[in-house]
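> below is the sequence, then the predicted model.
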Amino acid sequence: MIKEKEWWPRLRTRLLFTGPTLFAFLTVMIVPFIYGIYLTFTNWDGIATTHTLVGFENYGKVFQDEVFWKSFGLTLKYVLFTVILVNAVAFLLAFGLTRGLKGQNIFRAGFFIPNLVGGIVLGLIWQFIFSNVLVFIGEKAGIPLFSTSWLADPQKAFWALIIVTIWQYAGYMMVIYIAGLMSVPNDILEAASIDGANGWKKLRTMTLPLMVPSFIVCIFLTLQRGFMVYDVNLSLTKGGPFKSTEMVSMHVYEKAFLSRDYGLGQAEALVLFLLVAVITLLQVYFGKKMEVEA
Amino acid sequence: MKRLNGLSMTAMVVLLALIVSACSGNGGSSSTNNGGATNSANGANTSGKAIKITLLNSKGEIQVQLEEAAKTFHEDNPDITLEIMAAPAGTSPFERASTLYASGNPPTMMMLDTGDVEKFKDRILDLSEEKWNADAVENATNLTTFDGKNYGFPLAIEGYGFIYNKAVLDEAVGGSFDPATIKTRDDLENLFKQIEATGKKALIISPMDWSLGAHFQPLAYAGQNKDMAEVNKFMDSLKAGTEDLSGNTVLNGLLDTFDMMKQYNIDKKSPLAGVYERGPEVLGKGEVGIWFQGNWAWPQIHDFDTANGAYGFLPVPISNNPDDYGNQEISSAVSKRIIIDKEKSTPEQQEAAKKFLNWIVYEENGQDFLVNQASIIPAFKNITIPAADPLGQSIQDYIARGKSQESMSTLPADHWAKVGASMQKYLNDSGDRATLIKEIEEYWTSVK
């Protein structure tokens, strides 16, 4: 342990180790963040060399921007479905792949791979599947559900987004759940078996409570990624058909860079940040309360 | 743990200092032009050789041709290296250019849409002194001239309308098809029926928002009056919210034509499923006779061509009176402008960029690239090479006969996306005409 009495040598040593990271964090996170907040009080259009201060006008406009709240509502709906479905699918996969199945490592790797493909590429692949492959199959086999492209229908395009998201993240969450399942001590499970508990009872009363930390992590990750979704949205549906699947991140981006209202876009981004921060913090806070010791 | 000795401490601090200065050196200096290439090329700028310039290309369909041209240009001017950056398809060049400016490394040259130039005018070079201004076609630089200074290089004339496959239409009309016979909506519908009688589909409507929102729907603005000043007045009253679009004959006429087109669309069953790439394929293969698109589509149509290169344009009729403005005119305008950055580019780079623009207009290789390789209709009178492709020839022919309508090229930047989405809704029958008109009116009153 370092036991320095004077403040300078102490600070020096600390800076030596945390300095580079701190510097990077300050320059790429904190400074842009603060500058961004400053820009919300201006009417900058994203390119002009001058801008004027407009006070809180942009924030007033955020609350008047119906499209922003509509796409925020859509994002909430998307997050709700993806969080539930991704975690359900991931847990089932993890549960199935810790039973000692033959070749389960290959399956684990297989389910994990989609997560290694970038969102843009993934969106393009699925765009091809939804608008070409499935339509072709649907037409040949006479399945009406697939005979027209899902991406051309607002409702189906929304579900196409959810399906792709599940496919993308289920494998990743599965890995976390596998780790959680493996860390449940065998001795207490054995003791439960001796006491006559069946498989379902063991899962519900022993395994699940002990896996709360895994659930907290996974739900946090899926929540946060769901709110921030942009790449899959962009490459799979481009917000279409007719803006019906435009998630809130995409709306903010378009406000700033396409409609050239940088100040308002930035203000919307900040409002979004606060909303997401509150939701995820609440989730972690209540999740922690559910944790138990073995 | 022991305290670090003086030497290793110093070494760490120096290392940190190096990292810091390497980062800040980029943003602060005014000679860097390209974040991806802050290499020796920049350092060598001042010595007068090996100048490196970049061009942001927003015409995705000529990316390959531009890269070839960059090589040829380098051969003609060994001391200048030109690099072509591509703006991703589907984003507006403005988005790309402004993000590049925001990150402090704009390219030397940027290819923008006409309406975008004004926003950049404080950051780009005044090109009024360039020789090519005198050789440009009439009114080519009007829209990029502010306070008497022209900031944009007019790269291309582009026109759009119904592209027809002559082989299909010949079969349909039972003889050689004459585009002059289509003067009204009924003529067009009759033609569609004739095509369907041969067992083919009449037309394909490509549902991209940019096609519907930037090209098709604006025909209603441009068709308001032959006089551009009147059109501008109309746009002003739209913005002010004093224009009642639901009673506008031109817009309603155009939408009547659109309704008729929807009936004959090959993708009628799922009108929004199509992608751009499907258009040239079905037209070129002769599965449909007509596609609403512009002359920039030639390279893609060419790949599927089964009609021996016999294609041409038909105007989009808005009524049944052959003399109504727009029924015989093809919409066309100077569309892409190249601008030169003056903020981050060195004087040498600016000179090199000017040289490249002159190379396009005056050198044989440059003209060859523009007309023959890239299939562009030049906006310069001194270039006498005839258009290389049938679509360009068709547009040139309409312009030469005075049958052209000035396209709307200074619409607000998000018009195509917003109105395009409303048009998609209408195309899909998810919204009726009243909804569409209301959305267009709302767009205009809310636009910044």
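Yep, that arrived.

> rest of the way, CA atoms for contacts and neighbours
Will do.

> in stretch A:49-64, which residues are buried?
For stretch A:49-64, the neighbour count (16 or more other Cα atoms under 10 Å in any protein chain shown) marks A:Glu57, A:Asn58, A:Tyr59, A:Val62 as buried.

> correct me if wrong, but the third one is in a helix.
Yes: the assignment for A:Tyr59, made by DSSP: H, G, I helix; E, B strand; the rest coil, places it in a helix.

> could you point out which element follows the longest strand anywhere in chain B?
In chain B, with assignment by DSSP state E, the single longest strand is strand B:153-165. Later in the chain than strand B:153-165, the nearest helix or strand by DSSP states H and E is helix B:166-173.

> list the helices and strands that next one packs on?
Packing partners of helix B:166-173 (3 or more Cα pairs under 8 Å, 6 or more residues apart in numbering or on different chains; DSSP states H and E): helix B:185-197, strand B:288-294.

> ok, now which ones touch B:Lys183?
B:Lys183 is in contact with B:Pro317, B:Asn320, B:Asn321, B:Pro322, B:Asn327, B:Gln328, counting by Cα atoms under 8 Å, 6 or more residues apart in numbering or on different chains.

> assumed it was part of a strand.
No: counting by three-state DSSP, one finds B:Lys183 to be coil, located in no strand.

> and the helices in the stretch 51-200 of chain A?
When secondary structure is read from DSSP state H, counting those that start in this stretch, the stretch 51-200 of chain A shows helices at A:57-64, A:66-96, A:104-112, A:119-128, A:134-141, A:154-182, A:186-194, A:199-202.

> closest one to B:Lys166 among the ones you listed?
Closest of these to B:Lys166 is helix A:134-141, at 29.7 Å (criterion: Cα to Cα).

> name the SS class of the residue of chain A found nearest chain B, please.
Proximity of chain A to chain B (Cα to the nearest Cα) peaks at A:Phe242, 4.0 Å away. Using three-state DSSP, the secondary structure recorded for A:Phe242 is coil.

> picking up where we left off before, which elements pack onto the longest strand of chain B?
Strand B:153-165 packs on helix B:278-284, strand B:288-294, strand B:311-314, strand B:330-340, helix B:390-400, going by 3+ Cα pairs under 8 Å, 6+ apart.

> again, 6 Å this time
strand B:288-294, strand B:311-314, strand B:330-340 (3 or more Cα pairs under 6 Å, 6 or more residues apart in numbering or on different chains; DSSP states H and E).

> which residues sit against it?
For strand B:153-165, contacts defined as Cα atoms under 6 Å, 6 or more residues apart in numbering or on different chains pick out B:289-294, B:311-316, B:331-338, B:376-379.

> contacting residues for whichever residue of the stretch 301-448 of chain B sits closest to chain A?
Residue of the stretch 301-448 of chain B nearest chain A, by Cα to the nearest Cα: B:Ala421 (4.0 Å). Counting by Cα under 6 Å, 6+ apart, B:Ala421 makes contact with A:Phe242, B:Asp209.

> roughly how far does it sit from B:Gln349?
41 Å (Cα to Cα, to the nearest Å).

> before we move on, what about A:Tyr35?
31 Å.

> compare the two (neighbour count), which wins?
Comparing A:Tyr35 with B:Gln349 by neighbour count (other Cα atoms under 10 Å in any protein chain shown), the higher total belongs to B:Gln349, at 27 against 10.

> and the pLDDT at the more buried one?
Looking at B:Gln349, its pLDDT is 87.

> contacting residues around the helix or strand in which it is found?
Per DSSP H and E, B:Gln349 falls inside helix B:347-362. Applying Cα under 6 Å, 6+ apart, the set of residues contacting helix B:347-362 from outside is B:Gly366, B:Gln367.

> with just CA atoms, put that helix into CSV.
The C-alpha coordinates for helix B:347-362 follow below in CSV (Å, rounded to 0.1, in the frame of the first residue of the first chain):
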residue,chain,number,x,y,z
PRO,B,347,-3.8,27.7,-50.5
GLU,B,348,-1.9,25.0,-52.4
GLN,B,349,-4.8,22.6,-52.0
GLN,B,350,-7.3,25.2,-53.0
GLU,B,351,-5.3,25.8,-56.2
ALA,B,352,-5.1,22.1,-56.9
ALA,B,353,-8.8,21.8,-56.4
LYS,B,354,-9.4,24.7,-58.9
LYS,B,355,-7.1,23.0,-61.3
PHE,B,356,-9.2,19.8,-61.0
LEU,B,357,-12.4,21.8,-61.9
ASN,B,358,-10.7,23.4,-64.9
TRP,B,359,-9.4,20.0,-65.9
ILE,B,360,-13.0,18.7,-66.1
VAL,B,361,-14.2,21.6,-68.2
TYR,B,362,-11.2,22.2,-70.5
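
> any buried residues in it, and which?
Buried residues in helix B:347-362, counted by 16+ other Cα under 10 Å: B:348-350, B:352-357, B:359-362.

> low-confidence bits of the chain, can you list those?
Just going to use chain A. Chain A contains residues with pLDDT under 70 at A:1-5, A:293-294.

> wrong one, chain B
B:1-49, B:89-91.

> which residues of it fall in strands?
For chain B, the strands defined by DSSP E cover B:51-57, B:80-86, B:109-113, B:145-146, B:149-150, B:153-165, B:201-204, B:288-294, B:311-314, B:330-340, B:404-406.

> can you redo these as JSON lines with distance to A:Met247?
JSON lines is the format used below for the strands of chain B (distance: least, Cα to Cα, whole Å):
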{"stretch": "strand B:51-57", "distance to A:Met247": "28"}
{"stretch": "strand B:80-86", "distance to A:Met247": "26"}
{"stretch": "strand B:109-113", "distance to A:Met247": "27"}
{"stretch": "strand B:145-146", "distance to A:Met247": "38"}
{"stretch": "strand B:149-150", "distance to A:Met247": "40"}
{"stretch": "strand B:153-165", "distance to A:Met247": "33"}
{"stretch": "strand B:201-204", "distance to A:Met247": "30"}
{"stretch": "strand B:288-294", "distance to A:Met247": "30"}
{"stretch": "strand B:311-314", "distance to A:Met247": "39"}
{"stretch": "strand B:330-340", "distance to A:Met247": "31"}
{"stretch": "strand B:404-406", "distance to A:Met247": "36"}
